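**Student:** Predicted model and sequence below, questions to follow.
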Amino acid sequence: MTAEELAFEIRKLLLTADNISETQAAKLINMSQQNFSKKLRSGTLRYVEVVALLDALGYKAEWLPKESCEKMVLRLSRYITSFMFT
């Protein structure tokens, strides 16, 4: 998954599933809106920041082995999308 795809999925999660703004999301993880938006655009949002945001929104990040065991899938509970990391 590219940085752009991850940013799109996070924005989609915030706006469609939870109906909150980037500003509100940034506050949930004690970050300024400008910094949060910059990190989303540049793809530098750290994994721990994503997990903290998911936790604050009531989601759980879970790593599951895939059939081939060569890739892992990050599945978000309460959400239909899975992120593929290779």
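**Tutor:** In hand now; what should we look at? Computed from a prediction, not measured in an experiment: that's the story for all the values here.
**Student:** where do the helices sit along the protein?
**Tutor:** Assigned by DSSP state H, the chain shows helices spanning 3-12, 22-28, 33-42, 47-56.
**Student:** Check the offset of the third one from the chain's centre.
**Tutor:** In this view, helix 33-42 has its centroid 13 Å away from the chain centroid, taken as Cα atoms, centre = their mean, to the nearest Å.
**Student:** Could you list every helix and strand in contact with that helix?
**Tutor:** helix 3-12, helix 22-28 (3 or more Cβ pairs under 8 Å, 6 or more residues apart in numbering; DSSP states H and E). C-beta here means a position set from N, CA and C on the backbone, and glycine is covered the same way.
**Student:** If you count neighbours, what's buried in the longest one?
**Tutor:** Spelled out, it's helix 3-12. 6-7, 9-10 (16 or more other Cβ atoms under 10 Å).
**Student:** need the helix or strand of the chain with the lowest average pLDDT.
**Tutor:** strand 82-85 (a mean of 46; mean pLDDT, DSSP states H and E).
**Student:** Against E5, how distant is E62?
**Tutor:** 19 Å (Cβ to Cβ, to the nearest Å).
**Student:** What of W63?
**Tutor:** Distance from W63 to E5, by Cβ to Cβ: 18 Å.
**Student:** repeat for L40
**Tutor:** 12 Å.
**Student:** before we move on, what about L54?
**Tutor:** For L54, the distance to E5 - Cβ to Cβ - is 17 Å.
**Student:** before we move on, the earlier item: so for R46, which of the helices and strands packed on helix 33-42 sits nearest?
**Tutor:** helix 3-12 (11.7 Å; Cβ to Cβ).
**Student:** Please name every helix or strand in contact with the closest one.
**Tutor:** If you count contacts as 3+ Cβ pairs under 8 Å, 6+ apart, helix 3-12 packs onto helix 33-42, helix 47-56.
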